[in-house]
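Asker: the following block contains a protein sequence and its predicted model.
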Amino acid sequence: MTKIAVWCRHEHDCIIGIGPNIPWNIPSDLKRFRRITSHADIVCGQTTYESFPNRTLPNRQIYVLTFNTGYEVSDKDNHFVINDMMQLQNFPRNLYIAGGASIYKAFMRQMPPEVIVDSCNHNEISGTYSGNPVDIKECIDIMMQDYEQVSPEYNEDNVTTTLWVRKGALVNDDVLRYLTLAITEEK
Ligand SMILES: NC(=O)c1ccc[n+]([C@@H]2O[C@H](COP(=O)([O-])OP(=O)(O)OC[C@H]3O[C@@H](n4cnc5c(N)ncnc54)[C@H](OP(=O)(O)O)[C@@H]3O)[C@@H](O)[C@H]2O)c1
């Protein structure tokens with residue numbers, strides 16, 4: 001399997017959320033995320049899962065990380081509770097890491113993804129959101145040190161997306177081709 005982290009961070013401060021929300025609404029970024037993860041297996045934290053409309057994302061299998069052994073998902077056929085992330089160590093298919101911050105950090109530290117789809121939002125954060133800013137500075141530091149950028153920059157709506165591969169990791173060309181298409185396709 002290939003583990004692929006997919007995030008969109010705000011430039012300079014690396015904020016990815018405020019409280020439970022992503023503090024921007026950039027339809028092209030959302031579409032890119034949907035294209036990349038369509039019909040795929042994704043892992044996310046309980047907070048991020050709760051923020052999905054109706055606690056679901058259609059056409060995906062969702063692995064929800066929570067320490068709560070009694071946690072109930074909204075769709076028992078397609079969503080699965082994971083209490084120990086090491087259970088995903090020998091996952092048989094590609095696995096998309098979809099946040100939030102605690103999950104990106106846990107994977108970067110303990111089970112680093114081979115590939116990162118790094119989107120950097122250059123727009124101002126505007127609007128009112130309640131809660132504390134959530135950032136992934138630590139993940140970006142690790143990315144800069146342990147990964148190399150393998151794609152050009154793709155710009156859309158003032159968001160720059162690049163592909164990074166962990167140094168020394170062998171990544172199947174098909175995965176990189178698939179991601180490149182999913183990033184550059186416009187619909
Ligand atoms: N911009 C982006 O690309 C992007 C993407 C996704 C999310 N976000 C944002 O990120 C923010 C949420 O991040 P967050 O860090 O607060 O929450 P989160 O990572 O979505 O979820 C945190 C929860 O996950 C569970 N968890 C964390 N680590 C675990 C582990 N090692 N094993 C088992 N369970 C674990 C815990 O659930 P329990 O408390 O139930 O035990 C924890 O409270 C929101 O603002 C969201 O909008 C941004």
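Answerer: Arrived safely. Numbering: from 1, shown residues only.

Asker: and Leu181, helix, strand or coil?
Answerer: helix (DSSP: H, G, I helix; E, B strand; the rest coil).

Asker: neighbours around it, how many?
Answerer: 11 (other C-beta atoms under 10 Å). All C-beta atoms are positioned from the backbone trio N, CA, C, and that covers glycine.

Asker: from Gly17, how far out is it?
Answerer: Separation of Leu181 from Gly17 (C-beta to C-beta, to the nearest Å): 28 Å.

Asker: where's Thr48 relative to Asn54, distance?
Answerer: 14 Å.

Asker: over to Ser151?
Answerer: When distance is defined by C-beta to C-beta, Ser151 is 34 Å away from Asn54.

Asker: Leu88 now?
Answerer: Distance from Leu88 to Asn54, counting by C-beta to C-beta: 24 Å.

Asker: between those two, who's got more neighbours?
Answerer: Leu88 (18 against 8).

Asker: that one against Tyr96, yeah?
Answerer: No. The pair Leu88 / Tyr96 is not scored as a contact, 11.5 Å apart, by C-beta atoms under 8 Å.

Asker: which residues are common contacts for these two?
Answerer: The overlap between the contact sets of Leu88 and Tyr96 (C-beta atoms under 8 Å, 6 or more residues apart in numbering) consists of Val43.

Asker: Ile16 and the ligand, how far apart?
Answerer: 4 Å (C-beta to the nearest ligand atom, to the nearest Å).

Asker: how many neighbours does Val115 have?
Answerer: Neighbourhood size, Val115 [other C-beta under 10 Å]: 25.

Asker: quick one: the strands in the protein, in order.
Answerer: Taking DSSP state E, the strands of the chain run over residues 3-10, 15-18, 41-45, 61-65, 79-82, 95-97, 115-121, 133-135, 147-149, 154-156, 159-166.

Asker: including distance to Phe33 and mean pLDDT, could these go into a markdown table?
Answerer: Converted to a markdown table, the strands of the chain look like this (distance: least, C-beta to C-beta, whole Å; pLDDT from 0 to 100):
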| stretch | distance to Phe33 | mean pLDDT |
| --- | --- | --- |
| strand 3-10 | 6 | 98 |
| strand 15-18 | 12 | 97 |
| strand 41-45 | 10 | 98 |
| strand 61-65 | 13 | 98 |
| strand 79-82 | 18 | 98 |
| strand 95-97 | 9 | 98 |
| strand 115-121 | 9 | 98 |
| strand 133-135 | 17 | 97 |
| strand 147-149 | 20 | 98 |
| strand 154-156 | 12 | 96 |
| strand 159-166 | 10 | 98 |
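
Asker: many thanks, have a good one.
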